[in-house]
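[1] A structural model of the following input is requested.
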Amino acid sequence: MISLARRTHHRWPDGARCVIGLTLDFDGTSLERGRGQLPYGARSHGRYSAKCGIPRFVDMFTRQNVPWTFYVSGYDAEVSPDLVRDISRSGVEIGSHGYFHEGTDPGDAEPELLERTHRLLTDITGIAPRGWRSPSGHKTARTLRKLRELGYVYDSSDKDFDLPYLARYDGAERNDYVCLPNNTSSLDDFPFYRVSYTPPSEVLDHWKQEFDAIYAEGGYFNLTVHPRVGYGSGSPARVAIVERLIEYIKPHEGVRFVGMLELAQWCLTRPDEWRRDWSGQ
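    From the prediction side, this is the model:
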């Protein structure tokens with residue numbers, strides 16, 4: 001049995017006690033278009049991302065001077081190339097997030113969709129993405145083989161552990177690809193604003209409690225937000241509570257805000273510090 005003590009004795013960049021990864025899934029109109037829906041009227045929530053949500057988030061993270069990672073679908077990049085280019089130029093890492101925010105496993109079409117989005121993001125930003133987040137949680141060994149072929153070194157899609165760990169597929173552990181789990185149950189805005197319709201003030205209290213517990217374990221805090229209205233955090237009050245969360249976290253001793261690629265590269269250069277048995281494999 002793996003003891004909690006073993007899981008809490010590990011290192012982070014610069015000797016930090018706890019690392020904070022702030023991530024945003026663009027989720028513009030790709031979601032509706034992928035379902036064959038017109039993004040207008042009652043289905044226009046995704047149009048808010050590029051018009052209001054993302055500019056508001058960019059302004060906020062600029063004020064806070066902390067790293068962020070944005071995951072962008074190929075379709076959204078095609079629709080808003082100037083915005084995606086500006087985000088990248090501001091210093092934000094751009095990761096890949098499907099083409100049409102695919103809601104199911106695209107099967108044999110997946111390699112082409114991954115390559116199409118990779119090419120679009122590279123051409124628009126001038127920087128090849130090296131991180132990926134599954135748009136709806138699906139991934140297979142086929143997915144990982146294609147991502148490695150394209151030069152990716154991490155994805156942030158799994159829900160099965162508290163800490164980063166080396167990927168395992170085709171029957172072997174990989175020392176060149178790391179999984180950075182994202183907790184879409186309690187560190188994601190979707191279930192609060194779409195399922196339970198929780199007020200922003202209560203969401204903030206919950207995220208503070210999550211941080212306090214993770215900080216006590218010297219762990220890894222990966223927050224996922226969306227710039228849409230509806231299930232996202234793009235509106236003024238909801239962006240404000242994310243900013244208040246950052247301000248709450250900052251004074252804690254030994255906290256280190258990291259970009260996801262930065263964290264992945266740090267992990268991959270120190271494989272001895274990411275023990276296989278931590279991941280339960």
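
[2] CA atoms for contacts and neighbours, from now on please.
    OK.

[3] Isn't G53 up against A237?
    No - judged on Cα atoms under 8 Å, G53 makes no contact with A237 at a distance of 11.3 Å.

[4] Any idea how many residues pack against S80?
    Residue crowding around S80 was assessed by other Cα atoms under 10 Å; the count is 15.

[5] Name the nearest residue to it, sequence neighbours excluded.
    Nearest residue to S80, sequence neighbours excluded (Cα to Cα, 6 or more residues apart in numbering): A50, at 7.3 Å.

[6] looking at it, the one you found is touching G28, isn't it?
    Yes - in this structure A50 lies within contact range of G28 using Cα under 8 Å: 6.8 Å.

[7] Please say which of those two ends up with more neighbours.
    Per other Cα under 10 Å, whichever of A50 and G28 has more neighbours is G28, with 31 against 22.

[8] you'd agree that one is in a strand?
    No - assignment of G28 by DSSP: H, G, I helix; E, B strand; the rest coil gives coil, placing it outside any strand.

[9] My read is that S185 contacts P191, right?
    Yes - at 6.6 Å, S185 counts as touching P191 under the criterion of Cα under 8 Å.

[10] so what's the closest residue to D189 other than its chain neighbours up against?
    Distances taken as Cα to Cα, 6+ apart put V225 closest to D189, at 5.4 Å, once the chain neighbours are dropped. If you count contacts by Cα atoms under 8 Å, 6 or more residues apart in numbering, V225 has them with 23-25, 188-190, 232-233.

[11] Mind doing that once more with 6 Å?
    Applying Cα atoms under 6 Å, 6 or more residues apart in numbering to V225 gives the contacts 24, 188-189.

[12] Show me which of the residues you listed is closest to L113.
    Of all the contacts of V225, L113 sits closest to L24, with 20.8 Å by Cα to Cα.
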